[in-house]
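Enquirer: Show me the folded form of this:
(one chain, ligands or ions: 1)
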Amino acid sequence: MTFCSSSLMLDFLRKCGGVAVVDGGLATELERHGADINDPLWSAKCLISSPQLIRQVHLDYLKAGADIIITASYQATIQGFRAKGLSQYESEALLKKSVYIAREARDIYYSECSKASQNVADNAKILLHRPIFIAASVGSYGAYLADGSEYSGNYGDAMTIKFLKDFHRRRVQVLAESGADLIAFETTPNKVEAQAYAELLDEEDIKIPAWVSFNSKDGINVVSGNSFLECVSIAEACKKVVAVGINCTPPRFIQELISSARKVTTKPIVVYPNSGERYDPDLKDWVENTGLSDEDFVSYVNNWREAGASLFGGCCRTTPKTIRAIHRTLRS
Ligand SMILES: [Zn+2]
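Expert: Numbers count the residues shown, from 1 in each chain. Okay, the predicted model is just below:
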């Protein structure tokens, strides 16, 4: 191994003062800026149609105080690109591009920091030259299917670990060689996919570590109904997993999920809930707005910290405003 997996995240967190800020929703933010992502590729469509916008949103999150930005590769799969008629080479190039765009945003941010430090009138609080990590997003097989199974976790009885490993293998290899600092396996809906990720990381000599993050709709199980504790234990057993967590889950469930994760893991816990709205796969829209304001969302953050989490951000429908508020709470 060329890195010491366990120390990478711990060192990063130490440099960040013990807690780190993750960015907010990417796809929904692209959409808010007018991108049409109603497509099987979802936000990955913007890798082709509007890379500048992706870069701008990454930059907005960095300026809002994010220490970690997550690439636009969530629904970017070689299989999905091939289905659009792209070649294997072009598909792999788009995966790499998702990381390059994030690296460009980080470079721009750093150069703006240097300029800002010569000008005290600038918002020096946020424009701080600080360590910034790029996490290469990997969404689930269900996200690729774009049929709602990303929120049901139901892949049918015939699903196997081997199938999922084969599905994710090349994509994970390409992303790991693109200059990202870690992989973010996000919105993991079931146990079999968690197991596939853990085995892939071990078997394929992936050179960067990963976090594995699950989604839940009841605060006890992951969305498939598999036990959240069992899922976390799978991630816990993998040496290359440097954090485990919960994302794209309503804020009201986060505290109890952190408390239960803490029982089975010593790894850092990452949480980046959605805004509290629910995605209706039939309507293809977000419904049941709980009316959670950025202030309300943020009022939970200190409880989550006390419950044992150390990385905090937002998922779908959260914005740079949410992240700025999290940053303020944590850094105050
Ligand atoms: Zn989400």
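Enquirer: going forward, measure contacts between C-alpha atoms and count neighbours the same way
Expert: OK.
Enquirer: List the buried residues for the host helix or strand of V172?
Expert: Assigning secondary structure by DSSP states H and E places V172 in helix 161-176. For helix 161-176, the neighbour count (16 or more other C-alpha atoms under 10 Å) marks I161, L164, K165, F167, H168, R169, R171, V172, Q173, L175, A176 as buried.
Enquirer: got it, and stretch 262-278?
Expert: For stretch 262-278, the neighbour count (16+ other C-alpha under 10 Å) marks 262, 264-265, 267-278 as buried.
Enquirer: can you tell me which of these are up against the ion?
Expert: Checked against the ion using C-alpha under 5 Å from the ion, these give no members in range.
Enquirer: so what's S227 bridging to?
Expert: Beta-bridge partners recorded for S227 (DSSP bridges): N221.
Enquirer: and the residue in the stretch 151-300 of the chain positioned nearest to the ion, what is it in contact with?
Expert: Closest residue of the stretch 151-300 of the chain to the ion, C-alpha to the ion: C248 (4.0 Å). By C-alpha atoms under 8 Å, 6 or more residues apart in numbering, the contact list for C248 reads T187, N215, S216, Y272, P273, N274, G314, C315, C316.
Enquirer: Columns distance to S50 on top of the residues you listed, output as CSV?
Expert: Putting these into CSV (distance: C-alpha to C-alpha, whole Å) gives the following:
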residue, distance to S50
T187, 24
N215, 28
S216, 31
Y272, 25
P273, 26
N274, 24
G314, 22
C315, 21
C316, 19
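Enquirer: Can you flag which of these belong to strands?
Expert: For these, the ones inside strands are T187, Y272, with DSSP state E as the criterion.
Enquirer: Any chance of the contacts of C248 in JSON lines with pLDDT as columns?
Expert: Formatted as JSON lines, the contacts of C248 follow (pLDDT from 0 to 100):
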{"residue": "T187", "pLDDT": "98"}
{"residue": "N215", "pLDDT": "97"}
{"residue": "S216", "pLDDT": "97"}
{"residue": "Y272", "pLDDT": "98"}
{"residue": "P273", "pLDDT": "96"}
{"residue": "N274", "pLDDT": "94"}
{"residue": "G314", "pLDDT": "97"}
{"residue": "C315", "pLDDT": "97"}
{"residue": "C316", "pLDDT": "96"}
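Enquirer: got the residues of the chain near the ion?
Expert: Within the chain, the residues that sit near the ion (C-alpha under 5 Å from the ion) are C248, C315, C316.
Enquirer: Just the buried residues of stretch 262-278: which are in helices?
Expert: Residues of these located in helices (DSSP state H): R262, V264.
Enquirer: separation between L53 and Y272?
Expert: According to C-alpha to C-alpha, to the nearest Å, L53 and Y272 sit 22 Å apart.
Enquirer: The residue of the stretch 1-150 of the chain found nearest the ion - how many residues pack around it?
Expert: As assessed by C-alpha to the ion, the ion sits closest to G25 within the stretch 1-150 of the chain, at 6.3 Å. Around G25 there are 26 other residues, counting by other C-alpha atoms under 10 Å.
Enquirer: picking that back up, touching the helix holding V172 from outside, list them.
Expert: Helix 161-176 has contacts (C-alpha under 8 Å, 6+ apart) with 77-78, 92, 95-96, 99, 136, 138, 141, 182-183, 192-193, 195-197, 199-200, 204, 206-208.
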